[in-house]
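1. With the sequence up front, the predicted model follows.
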Amino acid sequence: MTIPILFEDNHLLVVEKPVNMPVQEDQSRDADLLSDLKQMIKERDAKPGNVYLGLVHRLDRPVGGVMVFAKTSKAASRLSDQIRRNIWTKQYYAVVRGRPADSHGRLEHYLVKDQSKNQVHVTKSDAKGAKKAVLEYDVLAQEDDLSLVKVNLITGRSHQIRVQLSTIGYPLYGDQKYGAKVNKPGQQLALWSHQLGIEHPTQKDERFFESYPPGEYPWQSLLK
């Protein structure tokens, strides 16, 4: 599979992650993004030995869109520090079931993850393992019983967007885990990493990278 490259220099590799591709090798043994990119660089640049490519953040397997990788250990360290300091900006597009009453909202929940089931639940703030999750959303378009929302992710918790929007009654289109009552098996999860804003690890200026969802259902008419 050819992975679209959005930006590349000596320190960064920014790509558009395909949907349904794991970020790194997992139990499925399916082709994964990290391994494919390393092989691409090795062949393209005729590099001997192992290729370094630092994985500093993740996207769920069903999610497509912008991902940033570090091409040097210095870049990996600095990007990871930026994430710890929460200075990245992360913007997603999502298609949800239903029509939110408010065109803009801010959601704050405490989440806990069941590692054995790979599932996240809303819990009380003092529950063991609870982590605060915050996002803001804007409704951009509506058609039939679907709404296109833009999500600004304030924190980066596992399954955060899927869980929080489902909790307020608007599960994502195609989400089998957090919207099984309204979604059918086989429907593609409609969540896309649209924009990442980072500080360049060596030049120190702010960079924004964008990617848009595919022109297919349920995206195409809502994005118009």
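-> The structure has been received and is ready for your questions. Model, not experiment: these values are computed from the prediction.
2. residues of the longest strand belonging to the chain that come out buried?
-> In the chain, assigned by DSSP state E, the strand with the most residues is strand 131-143. Across strand 131-143, burial judged by 16 or more other Cβ atoms under 10 Å covers 131, 133, 135, 137, 139, 142. From N, CA and C alone the C-beta is placed, and that goes for glycine too.
3. per-residue confidence at Tyr173?
-> pLDDT, Tyr173: 98.
4. Now distance to Asp60 too, for the buried residues of strand 131-143, in CSV please.
-> Output for the buried residues of strand 131-143, formatted as CSV (distance: Cβ to Cβ, whole Å):
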residue, distance to Asp60
Lys131, 17
Ala133, 15
Leu135, 15
Tyr137, 18
Val139, 23
Gln142, 25
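5. so where do the strands sit in the chain?
-> Under DSSP E, the chain gives strands at 5-8, 12-17, 54-55, 64-70, 89-97, 104-114, 119-123, 131-143, 146-153, 191-199, 206-210.
6. Save those strands as CSV, and put in distance to Pro171 and mean pLDDT too.
-> Converted to CSV, the strands of the chain look like this (distance: least, Cβ to Cβ, whole Å; pLDDT from 0 to 100):
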stretch, distance to Pro171, mean pLDDT
strand 5-8, 29, 98
strand 12-17, 22, 98
strand 54-55, 29, 98
strand 64-70, 19, 98
strand 89-97, 5, 98
strand 104-114, 14, 97
strand 119-123, 13, 96
strand 131-143, 14, 97
strand 146-153, 11, 98
strand 191-199, 11, 98
strand 206-210, 26, 98
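7. looking at those, which is closest to Gln160?
-> Gln160 lies closest, by Cβ to Cβ, to one member of the strands of the chain: strand 131-143, at 4.8 Å.
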